[in-house]
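**Student:** Turn this into a structure:
(chains A and B)
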There are 2 protein chains.
Amino acid sequence: MRRFGIALAGLAAILAAEACATREAGAGSDTTNASPIYGVTIPAGYRGWELIAPALEADPLNELRAVVGNSVAIEAYRAGTPPFPDGTVLVKLAWRRAQSPEFEPASVPGAATTVQVMVKDSKKYAATGGWGFGRFVDGKPVDEAQHQTCFACHEARVRRHDYVFTRLAP
Amino acid sequence: MRRFGIALAGLAAILAAEACATREAGAGSDTTNASPIYGVTIPAGYRGWELIAPALEADPLNELRAVVGNSVAIEAYRAGTPPFPDGTVLVKLAWRRAQSPEFEPASVPGAATTVQVMVKDSKKYAATGGWGFGRFVDGKPVDEAQHQTCFACHEARVRRHDYVFTRLAP
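**Tutor:** Here you go, the predicted model:
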C-alpha cells in the first residue's frame, strides 16, 4: 500500500508538472509563420509568461515595451549568470505609447506594434551566438532584410551579456 | 481497472491544479507588514504573476511601472467587464526610470521604488468601492496619511472602471 502510495504521488507529481508546463507553453507554436533566416515562431502562451522588465523606447518609435520569458529564461535570470541555456525563450511585446486619458502624468499601452522573439539553441544558431530571432507584426514575420539586422546590433552592443539587452528588473 | 484509472486521473488533476495554484500564490502572505486602514499585505509570489500592462509615469516620479495580476484578475480582464470579482489582486511594481547604458533610445528599470497592491473584497472594503489598498516601500507599508489618498483618487478618476486605472495591454 505504501509503495502504491509513493508511485501514485510520483505519477501525480509528473502530471502536475506537465499541467503547469502545458499552461505555460500553451497548445503549441504557430509553425506557419516562421521568421526568415531563423525559422523562429511566436511561442503559444507567451502572454502569460513571467515579466522580466518593462522598457520605454523614445522617438521615433515612442513605444512602451515589456519583455517576458519562459521558465528556462526566468530560472537563468534568477541564477544571474549568462550564458542562457538552450531552451531559453524571450519575448518582447511592444505598444505605441499613449497618453492615459485618466491620469495626466501616465503613459500607457496604445496599439500593439511588434512582437519580438529570441530563442536559444546553441547548435542550431551557432553562427549567431546561439540565438535565433523573430520579429512579427500582426502575427506575421517581417522580411529577411529586417531580420538581418537583429544579430548585428545585439552582437555590437550586448555580446558580454550573452547578446541579451534586457536585465531582470529588481 | 478503468474506474481506478479515472480516480487516478481525477486525483492527478486535483494535485496538478494545486501545484499550479501553489506556484502562483507562493508560500503565503507577509502578514506582519499590513497596510494601515486596509490591512493589505504584499502577496507572496506576485513577481511571477501575469503582466496586465506596463506604464510610464512622468516627472517628478519618472518611473517605469508594470501591473501584474493573480489568476482571478487575469480572468476578469479577459472577460472584459468590470466589476472585478472578490479575490482579485493587482500589484503595481515601480522602478526609477534609468537610461539604458547599451541602447540610447531606451529607458529601463533602475532601482525599485514602490510596490502597490489592490485587493477586491466587496464586504470587507465596502466603504471604498470593494477595494483595499497597500503601498509599500522596501516591503514596509507607508503611513496612514498616504493610504488615505488612495481611494479618493481612484474614486475621482476611474469609478466607472471599478476604480482600476490599468487596462489589459492588447
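**Student:** show me the contacts for the nearest residue to A:Phe133 once chain neighbours are set aside.
**Tutor:** Among residues not flanking A:Phe133 along the chain, A:Cys150 sits closest, at 3.8 Å (Cβ to Cβ, 6 or more residues apart in numbering or on different chains). The way it works is simple: take the backbone N, C-alpha and C, and place the C-beta from them, glycine included. If you count contacts by Cβ atoms under 8 Å, 6 or more residues apart in numbering or on different chains, A:Cys150 has them with A:128, A:133, A:135.
**Student:** and those as TSV, adding secondary structure, pLDDT and neighbour count?
**Tutor:** Below are those laid out as TSV (DSSP: H, G, I helix; E, B strand; the rest coil; pLDDT from 0 to 100; neighbours: other Cβ atoms under 10 Å in any protein chain shown):
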residue	secondary structure	pLDDT	neighbour count
A:Thr128	helix	98	17
A:Phe133	strand	98	24
A:Arg135	strand	98	20
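**Student:** Report the separation between the residue nearest to A:Phe133 and chain B.
**Tutor:** A:Cys150 sits 13 Å away from chain B, taking Cβ to the nearest Cβ, to the nearest Å as the criterion.
**Student:** quick one: that residue from A:Thr114, how far?
**Tutor:** Separation of A:Cys150 from A:Thr114 (Cβ to Cβ, to the nearest Å) stands at 12 Å.
**Student:** any common contacting residues for the two?
**Tutor:** A:Arg135.
**Student:** Packing partners of the lengthiest strand in chain A?
**Tutor:** In chain A, with assignment by DSSP state E, the single longest strand is strand A:106-120. Packing partners of strand A:106-120 (3 or more Cβ pairs under 8 Å, 6 or more residues apart in numbering or on different chains; DSSP states H and E): strand A:63-69, strand A:89-99, strand A:131-137, strand B:50-57.
**Student:** Give me the distance between it and the centre of its chain.
**Tutor:** Relative to its chain's centre, strand A:106-120 lies at 11 Å (Cα atoms, centre = their mean, to the nearest Å).
**Student:** Kindly report the same for stretch A:82-93.
**Tutor:** 6 Å.
**Student:** cool, stretch A:136-144 as well?
**Tutor:** Worked out by Cα atoms, centre = their mean, stretch A:136-144 lies 15 Å from the chain centre.
**Student:** Over to stretch A:141-152?
**Tutor:** For stretch A:141-152, the distance to the chain centre is 17 Å (Cα atoms, centre = their mean).
**Student:** follow-up on the earlier one: strand partners (parallel or antiparallel) of the longest strand of chain A?
**Tutor:** Here strand A:106-120 is paired, per DSSP bridges, with strand A:89-99 (antiparallel), strand A:131-137 (antiparallel), strand B:50-57 (antiparallel).
**Student:** between those strands, which one is nearest to A:Gly48?
**Tutor:** Closest to A:Gly48 of the strands paired with strand A:106-120 is strand B:50-57 (Cβ to Cβ; 5.0 Å).
**Student:** who's the nearest residue to A:Leu93 once chain neighbours are set aside bridged to?
**Tutor:** Spatially, and ignoring its direct neighbours in sequence, A:Leu93 is nearest to A:Ala66 (5.1 Å; Cβ to Cβ, 6+ apart). Using DSSP bridges, the beta-bridge partners of A:Ala66 come out as A:Pro54, A:Leu93.
**Student:** Any stretches of chain A with poor pLDDT?
**Tutor:** A:1-31 (pLDDT under 70).
**Student:** what about the nearest residue to A:Leu61 once chain neighbours are set aside, neighbour count?
**Tutor:** Closest residue in space to A:Leu61, ignoring its immediate chain neighbours: B:Pro105 at 7.2 Å, by Cβ to Cβ, 6+ apart. B:Pro105 sits with 15 neighbouring residues when counted by other Cβ atoms under 10 Å in any protein chain shown.
**Student:** how about B:Pro105, what does it touch?
**Tutor:** Contacts of B:Pro105 by Cβ under 8 Å, 6+ apart are A:57-59, A:61.
**Student:** Tell me the buried residues within those.
**Tutor:** Buried residues within those, counting neighbours by 16 or more other Cβ atoms under 10 Å in any protein chain shown: A:Glu57.
**Student:** Tell me the one among the contacts of B:Pro105 nearest to chain B.
**Tutor:** Minimum separation from chain B among the contacts of B:Pro105 (Cβ to the nearest Cβ) is found for A:Ala58, which lies at 4.4 Å.
**Student:** The closest one contacts B:Ser107, correct?
**Tutor:** Yes. Counting by Cβ atoms under 8 Å, B:Ser107 is a contact partner of A:Ala58 at 7.4 Å.
**Student:** what helix or strand is A:Glu75 on?
**Tutor:** With elements taken from DSSP states H and E, the one containing A:Glu75 is helix A:71-79.
**Student:** by how many degrees do that helix and strand A:63-69 diverge?
**Tutor:** If you take axes from the mean of the first three to the mean of the last three Cα atoms, to 10 degrees, helix A:71-79 sits at 100 degrees to strand A:63-69.
**Student:** and the two most separated of the contacts of B:Pro105?
**Tutor:** The distance between the two most remote of the contacts of B:Pro105 (Cβ to Cβ) is 8.6 Å, for A:Glu57 and A:Asp59.
**Student:** Tell me, how many residues neighbour the residue lying closest to A:Val89 once chain neighbours are set aside?
**Tutor:** Spatial nearest neighbour of A:Val89, excluding adjacent residues (Cβ to Cβ, 6+ apart): A:Asn70 at 4.5 Å. Residues within reach of A:Asn70, counting by other Cβ under 10 Å, total 21.
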